[in-house]
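Peer 1: with the sequence up front, the predicted model follows.
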Amino acid sequence: MLRMTIPGRAVLELEHLVCDMNGTLAEDGQLFEGVTGRLVRLSADLHIHLLSADTHGTLDAVVDELRVACVGAGQPTPTWERVTSGADKDRYVRRLGIERVAALGNGANDEAMLRGVALGVAVIGSEGVYGPALLAARVVARSPLEALDLLLYPERLIATMRV
């Protein structure tokens, strides 16, 4: 669990990190360099979940890459699921318990997920970010690496969210 006290706001007690894959963690179906290592480090404190429509057909390979890296580091392996809509993503995070979920996304199908969870982070990557998803998020990051670093270095997130 990752616990953060945000001055002037509620305490965040996060158990899950749910990530959209394409456009958020990956470009053209390939994880951005540095994402794997950060997810492995975060898996020590959070259950990692990948959700993807698998537009590029690379989800299985990405999950295998992450699984090997996590096993090699002695960390829990990620959970993954193919989804077809934003409603699927929203249902997924609700099953986990939205008050314990951080989510990363960039697309129209991420909007409801980002709005509903305890910590929604919109990621502006090479695909851009869907305007309503940007507005649904609590925080905006310029890249997946910066988004993941907000959880690895919680003081950054605290500085952004404090009242």
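Peer 2: Received the coordinates, thanks. Residues are numbered from 1 along each chain as shown.
Peer 1: what about the strands in this structure?
Peer 2: 2-5, 11-14, 16-20, 26-27, 30-31, 47-52, 79-82, 101-105, 119-123, 139-141 (DSSP state E).
Peer 1: now those strands as JSON lines including mean pLDDT?
Peer 2: Output for the strands of the chain, formatted as JSON lines (pLDDT from 0 to 100):
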{"stretch": "strand 2-5", "mean pLDDT": "94"}
{"stretch": "strand 11-14", "mean pLDDT": "95"}
{"stretch": "strand 16-20", "mean pLDDT": "97"}
{"stretch": "strand 26-27", "mean pLDDT": "93"}
{"stretch": "strand 30-31", "mean pLDDT": "93"}
{"stretch": "strand 47-52", "mean pLDDT": "96"}
{"stretch": "strand 79-82", "mean pLDDT": "94"}
{"stretch": "strand 101-105", "mean pLDDT": "98"}
{"stretch": "strand 119-123", "mean pLDDT": "98"}
{"stretch": "strand 139-141", "mean pLDDT": "97"}
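Peer 1: ranking these by burial, who's on top?
Peer 2: strand 101-105 (a mean of 28; mean count of other C-beta atoms under 10 Å). For every residue, glycine as well, the C-beta is placed using N, CA and C.
Peer 1: partners of that strand, with directions?
Peer 2: Here strand 101-105 has these sheet partners by DSSP bridges: strand 16-20 (parallel), strand 119-123 (parallel).
Peer 1: so can I have JSON lines of those strands showing distance to R162?
Peer 2: Formatted as JSON lines, those follow (distance: least, C-beta to C-beta, whole Å):
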{"stretch": "strand 16-20", "distance to R162": "21"}
{"stretch": "strand 119-123", "distance to R162": "14"}
